[in-house]
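K.L.:
Following is a predicted model, sequence given first.
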Amino acid sequence: MSLAAAAAAAAADVQSRPARLPIPVPRMNQGPPRPPLVDREKTCPLLLRVFTKNGGHHTVEDFSVRGKEPKEEVQIYTWRDATLRELTELVKEVSPSARRRDARLSFAFVYPDRRGRNVIRNVGMTQANGSSRRGGDDARSLAELSFQTGDFLDVAIYP
């Protein structure tokens, strides 16, 4: 076999092989992808029904009859990118106990499960004075927490 024929055979062999794909490099220290920010000038806000209670969360039974939810309700128009810190500040405007320096606010979603029964799912905690421990939930948004329009927000205020 001549040198030219060997070179041609090698070139044909290389062309017939499947292309190698680059090996994906894992990205370190990255959490889940953040949802895109909402353009609050162009996006219509949603109605968030917020129920507050001092000393603990409401029970599932408090939400069992539609139209007879707890009386301590605040209706807030907001967007899916609203953070728990923003919601904390809004709750502080209407609830004197949430204004205390040492107050802690615990947030939970109330929503129907697949069978239609309400469930309560804790989603985060904030400090009323704005100091957040390492890994605090202040910057977490409703969208990151899997909020869906129509869910209620139950806020427990601890002194």
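P.N.:
Ah, there it is. Numbers count the residues shown, from 1 in each chain.

K.L.:
alpha carbons only for contacts and neighbour counts from here, please
P.N.:
Will do.

K.L.:
And the strands in the chain?
P.N.:
46-54, 73-78, 104-112, 118-127, 152-158 (DSSP state E).

K.L.:
nearest to residue 39, of those strands?
P.N.:
Residue 39 lies closest, by Cα to Cα, to one member of the strands of the chain: strand 73-78, at 11.9 Å.

K.L.:
Output the strands of the chain in JSON lines; the columns should cover distance to residue 38, mean pLDDT and mean neighbour count.
P.N.:
Output for these, formatted as JSON lines (distance: least, Cα to Cα, whole Å; pLDDT from 0 to 100; neighbours: other Cα atoms under 10 Å):
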{"stretch": "strand 46-54", "distance to residue 38": "12", "mean pLDDT": "96", "mean neighbour count": "18"}
{"stretch": "strand 73-78", "distance to residue 38": "11", "mean pLDDT": "95", "mean neighbour count": "14"}
{"stretch": "strand 104-112", "distance to residue 38": "21", "mean pLDDT": "96", "mean neighbour count": "23"}
{"stretch": "strand 118-127", "distance to residue 38": "21", "mean pLDDT": "95", "mean neighbour count": "19"}
{"stretch": "strand 152-158", "distance to residue 38": "20", "mean pLDDT": "97", "mean neighbour count": "23"}
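
K.L.:
closest to residue 94 out of these?
P.N.:
Comparison of the strands of the chain against residue 94 by Cα to Cα identifies strand 73-78 as nearest, at 8.0 Å.

K.L.:
what helices or strands is the closest one leaning on?
P.N.:
The contact analysis (3 or more Cα pairs under 8 Å, 6 or more residues apart in numbering; DSSP states H and E) places strand 73-78 against strand 46-54.
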